[in-house]
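Undergrad: Here is a sequence together with a model predicted from it:
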Amino acid sequence: MNRSTLLRGLGLAVLLAVAVATPFLLDPRGYAIRVVCLALLFAAMAQCWNIVAGLANQVSLGHAAFFGIGAYTSTLLLIHFGLSPWLGMLVGAVLGGIAAFLISLPTMRLKGHYFALATLAFGEVMRVIANSWSGLTGGPVGISVPFAPPSFAMMQFKETRPYYWLMLAALVVVTLVFVAIRRSKLGYRLRAIKENADAAEVIGVDTTRTKITAAVISGMLTACLGTLYAQFQFFFDPDTVFGVASISVRMAMIAIVGGIGTAAGPILGAFFVIPLEEFANDLFSSRAAGLSQLVFGVLLIGVILIEPRGFMALGSRIRRLFGKGGRP
Amino acid sequence: MKPSDRAPRSLNRRQVLVAGAAGAIAAPYLIRDAVAQGKAVNVGVIMPLSGANAQFGINSRNGVELVADEINAAGGIKALGGARINLVVADSTSNPTTAANVAQRLLTQNDVVAIIGAFASSLTIAISEVTERRGVPLFTMSFSDQITSRGFENIFQVVAKASVLGKAQFDGTVAIAATAGQKLEKVAIMYEDTAYGTSQAGGLRAGAKAAGVEVVMDDAYPLGITDVTPLINKLRSSGAQAVFPVSYLNDSLQIIRSMRQQKVTIPAIGGAAGYVIPDFEKGLGEYAEGVLSISPANYDLDPALTDRFRKRYGYFMVHEALEHAVCMDVLAQAMEKAKSTAPEALRKVLHGTRFEGGWTKAMTGGAVQFDKTGLNTLSVPVMVQWRNKELVTVWPSEYAKGKAVWTN
């Protein structure tokens, strides 16, 4: 037991060291590193979603709301007050947490599809507000992060490497938060709610408070990632950061493809979905219009059909298979 | 027992990994080698080939393809030893994140010397954030004012900006109405709540204010609106003498159809996009007749050139195809003049040259010249009108090929 935890810890340390060193093997202003950056970012986003959906089975389709709040908050503060995105990120996190708290109050009692639909509507409402309140957000035209000389303080870099480490750090932090929550009392309460909310209530779990706490943590972290996205992409519009397909559903999809409720699931999912989409685009988009999206969709459907519970479940299935085969 | 069991398997996996990695590392060099041998110049073409804007993206790609094939057939880029133009086409989808990724890919994997794209302003802006940092020229016909207002050095906008387009849409209408003996006093604006819709509506509003015309209806509606009846009812009761709808294809079809079905016969002056493509006439039939629209360019300004497009693709050369063709031609001319594909050399030529001849003749102004922000200063929008399944340029008078029909 002790030895296996030690081995596991060692393995993780090696993996992390490899992850930190990877950018030195890639062209610092190249395409591969950009795709890896996005995969890291989306892995972190899916991990945020996993806190609520994976542990408490509260499937949200409105996480783009927090993501967009983060992106807009830091960028607007930067444009109007020259505030460093690092501080803007903290303000965004507070606002994202408040938004998560407010949306949690009325949706708390909803379950399953009803919760998903309510959160979906919340994300859309945020998109419509960002679209119409052009005095504040610049409206549908979108906003650009102002060009600044590259510096850590302004979270702007000429090369992609620093972004890579930023995204990697974000993923590590979010994953640690996820693991810590899962191991904590909060995690046990969340799982109790997942199994049976009424039973959890009966045995003394304050379900309302538990759900709100998890939602606020998830919302705050998602907002921080919105800031990272804005600083990486330099331009966004309401449809991009508040998008249902581009953000909300993608976060859920990545976690589901990888394995919902597990720490490694979102990471596996992101490193499958994001490169796959790029790969399909690279190979097929010059052949016929729309073919790349079709191929991407078909492959995704295939993966879900083979293992609806995601790669993590597939992994244990294969291990079982080999385990059986290996025994005399 | 166990380690020996595992050994062959892990070795296999390692071999596969090594082979894969070697292939991945070698691929760019192999591609580069092929390029050097065939003496080709790679040009990136990023368009929305799937999703809501796919039709416009395909039209645009066709325009670029036509010119590239013509240049290749005529012996390639002569100053570069007859180098062929090799188009690297990629789908931006309708997601700016993907558009930027694709741009990065074309720059690093395909060594493109320039990028042409990407129709929708939000996609173009996302791409420009990548090309600007790499110092590679980006040619576009996206209208948005933002494109050339950010102080970027490597972006080249071949058409007039959205605000100019919106103002021209208004001024042209006033002029056409005046010629027909009507003084415009009340107008209506309805626009989709996208980047394109809102910025063009802004130009219309500014035009109305400058001309002292009252805007009796000023409504935004969501892209992909399902029922336009309330909009049309409001339009009818507003007492407007003319309406400016700004929308992509599907919404434009709905708006004009319900207007005409409800016998709202006031002139409709569309804002390019959905109003100036063959599908508009196909979708509306006789209702399309007489609909006016602003357009950054029109194929009847130089039929000799644009008929080549019609012959190859079977429909008239829509303005986005024409403008992207011009982008391709200007790039080719710049390479001829610079005798190089180096970004700095190209940029210098692009900023300091008046491009004449070739496809630039089909633009208003008959040539292309970029100012230091990258905006083509010679391009002015034209007003076109649907007449017997074709678009006829009717304003301004120096470009008009026919007289506008105005029903008041």
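TA: Okay, I see it.
Undergrad: check contacts around B:Gln146.
TA: For B:Gln146, the contacting residues are A:Val141, A:Gly142, A:Ser144, B:Ser121, B:Ile125, by CB atoms under 8 Å, 6 or more residues apart in numbering or on different chains. (C-beta placed from N, C-alpha, C; glycine too.)
Undergrad: for A:Ala223, that is, sorry about that
TA: Applying CB under 8 Å, 6+ apart to A:Ala223 gives the contacts A:Phe66, A:Phe67, A:Ile69, A:Gly70, A:Thr73, A:Met89, A:Gly92, A:Ala93, A:Leu95, A:Gly96, A:Gly97.
Undergrad: Could you tell me which other helices and strands the helix or strand encompassing the second one packs against?
TA: For A:Phe67, the element it lies in under DSSP states H and E is helix A:64-81. In terms of contacts (3 or more CB pairs under 8 Å, 6 or more residues apart in numbering or on different chains; DSSP states H and E), helix A:64-81 is packed against helix A:85-107, helix A:112-132, helix A:134-137, strand A:143-144, helix A:207-233, helix A:238-241.
Undergrad: Most tightly packed of these?
TA: By mean neighbour count, with neighbours taken as mean count of other CB atoms under 10 Å in any protein chain shown, helix A:238-241 ranks first of the helices and strands packed on helix A:64-81 at a mean of 27.
Undergrad: I figured A:Gly310 was touching A:Ile256, is that so?
TA: Yes - between A:Gly310 and A:Ile256 there is a contact under CB atoms under 8 Å: 6.1 Å.
Undergrad: where do the contact lists of those two overlap?
TA: A:Gly269.
Undergrad: is it true that A:Ala118 touches A:Leu110?
TA: Yes - the pair A:Ala118 / A:Leu110 is scored as a contact, 5.6 Å apart, by CB under 8 Å.
Undergrad: Assign the closest residue to A:Gly290 other than its chain neighbours to helix, strand or coil.
TA: Using CB to CB, 6 or more residues apart in numbering or on different chains and skipping residues adjacent in sequence, the residue nearest A:Gly290 is B:Ser50, 3.7 Å away. Assigned with DSSP: H, G, I helix; E, B strand; the rest coil, B:Ser50 falls in the coil class.
Undergrad: can you pull the contacts of B:Ser50?
TA: So B:Ser50 contacts A:Ala289, A:Gly290, A:Ser292, A:Gln293, A:Leu294, B:Asp91, B:Thr93, B:Ser94 (CB under 8 Å, 6+ apart).
Undergrad: Could I get the contacting residues of residue 253?
TA: No chain specified, so I'll use chain A. Taking CB under 8 Å, 6+ apart, we find A:Met253 in contact with A:Gly269, A:Val273, A:Leu300.
Undergrad: wrong chain, I was asking about chain B
TA: B:Leu253 neighbours (CB under 8 Å, 6+ apart): B:Gly274, B:Phe280, B:Gly283, B:Leu284.
Undergrad: quick revisit: may I ask which of the contacts of B:Gln146 has the most neighbours?
TA: With neighbours taken as other CB atoms under 10 Å in any protein chain shown, the top of these is B:Ile125, carrying 30 neighbours.
Undergrad: helices and strands around the worst-scoring helix or strand of chain A on mean pLDDT, which ones?
TA: One helix or strand of chain A scores below all others by mean pLDDT, DSSP states H and E: helix A:311-326, with a mean of 75. Helices and strands touching helix A:311-326, by 3+ CB pairs under 8 Å, 6+ apart, are helix A:249-258, helix A:265-284.
Undergrad: what about 6 Å?
TA: Secondary-structure packing of helix A:311-326 (3 or more CB pairs under 6 Å, 6 or more residues apart in numbering or on different chains; DSSP states H and E): no helix or strand packs against it.
Undergrad: then that helix to PDB, C-alphas only?
TA: What follows is helix A:311-326, C-alpha atoms only, in PDB (Å, rounded to 0.1, in the frame of the first residue of the first chain):
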ATOM      1  CA  PHE A 311     -11.500   7.100 -21.000                       C
ATOM      2  CA  MET A 312     -11.000   6.400 -17.300                       C
ATOM      3  CA  ALA A 313     -13.600   3.600 -17.400                       C
ATOM      4  CA  LEU A 314     -12.000   2.400 -20.700                       C
ATOM      5  CA  GLY A 315      -8.600   2.300 -19.000                       C
ATOM      6  CA  SER A 316      -9.900   0.100 -16.100                       C
ATOM      7  CA  ARG A 317     -11.700  -2.100 -18.600                       C
ATOM      8  CA  ILE A 318      -8.400  -2.700 -20.500                       C
ATOM      9  CA  ARG A 319      -6.500  -3.200 -17.300                       C
ATOM     10  CA  ARG A 320      -9.000  -5.900 -16.200                       C
ATOM     11  CA  LEU A 321      -8.800  -7.500 -19.600                       C
ATOM     12  CA  PHE A 322      -5.000  -7.600 -19.500                       C
ATOM     13  CA  GLY A 323      -5.100  -8.600 -15.800                       C
ATOM     14  CA  LYS A 324      -7.200 -11.700 -16.700                       C
ATOM     15  CA  GLY A 325      -5.000 -12.600 -19.700                       C
ATOM     16  CA  GLY A 326      -1.800 -12.300 -17.700                       C
END
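Undergrad: That one to helix A:265-284, inter-axis angle?
TA: 100 degrees (axes from the mean of the first three to the mean of the last three CA atoms, to 10 degrees).
Undergrad: Next, the angle from helix A:311-326 to helix A:249-258.
TA: Helix A:311-326 and helix A:249-258 are oriented at 10 degrees to each other (the same axes, to 10 degrees).
Undergrad: Can you name the residues in contact with helix A:311-326?
TA: With contact meaning CB atoms under 6 Å, 6 or more residues apart in numbering or on different chains, helix A:311-326 is reached by A:Gly258, A:Gly259, A:Thr262, A:Gly265, A:Leu268, A:Glu307.
Undergrad: quick one: buried residues of that helix?
TA: For helix A:311-326, burial by neighbour count (16 or more other CB atoms under 10 Å in any protein chain shown) applies to A:Phe311, A:Met312, A:Ala313, A:Leu314, A:Gly315.
Undergrad: Out of these, which is nearest to chain B?
TA: Within the buried residues of helix A:311-326, proximity to chain B (CB to the nearest CB) peaks at A:Gly315, which comes in at 15.1 Å.
Undergrad: how about the strands in chain B?
TA: Assigned by DSSP state E, the strands in chain B fall at B:40-47, B:84-91, B:114-117, B:138-140, B:155-157, B:186-192, B:214-221, B:242-246, B:269-271, B:292-295, B:354-356, B:367-369, B:382-387, B:390-395.
Undergrad: looking at those, which is buried most?
TA: strand B:114-117 (a mean of 30).
Undergrad: Any part of it near chain A?
TA: No - using CB under 6 Å from any CB of the partner chain, strand B:114-117 stays clear of chain A, coming no nearer than 12.3 Å.
Undergrad: which residues touch that strand?
TA: Strand B:114-117 is contacted from outside by B:Val43, B:Gly44, B:Val45, B:Ile46, B:Met47, B:Val64, B:Thr131, B:Pro137, B:Leu138, B:Phe139, B:Cys327, B:Leu331, using CB under 6 Å, 6+ apart.
Undergrad: Let me see the ranges of the helices in chain B.
TA: Here chain B has its helices, by DSSP state H, at B:2-38, B:54-73, B:96-109, B:121-134, B:162-179, B:195-211, B:229-238, B:249-261, B:278-284, B:303-313, B:319-338, B:343-352.
Undergrad: May I have stretch B:260-272 as PDB, with CA atoms only?
TA: Extracted C-alpha coordinates of stretch B:260-272, given in PDB (Å, rounded to 0.1, in the frame of the first residue of the first chain):
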ATOM      1  CA  ARG B 260     -43.800  41.900 -49.500                       C
ATOM      2  CA  GLN B 261     -46.500  39.300 -48.400                       C
ATOM      3  CA  GLN B 262     -47.900  41.900 -46.100                       C
ATOM      4  CA  LYS B 263     -47.900  44.500 -48.900                       C
ATOM      5  CA  VAL B 264     -45.300  46.700 -47.200                       C
ATOM      6  CA  THR B 265     -44.000  48.100 -50.500                       C
ATOM      7  CA  ILE B 266     -41.600  50.700 -49.300                       C
ATOM      8  CA  PRO B 267     -38.000  50.400 -50.700                       C
ATOM      9  CA  ALA B 268     -35.700  48.100 -48.800                       C
ATOM     10  CA  ILE B 269     -32.000  48.800 -48.800                       C
ATOM     11  CA  GLY B 270     -30.000  45.900 -47.600                       C
ATOM     12  CA  GLY B 271     -26.600  46.000 -46.000                       C
ATOM     13  CA  ALA B 272     -24.600  43.700 -48.300                       C
END
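Undergrad: Thank you kindly, that will do.
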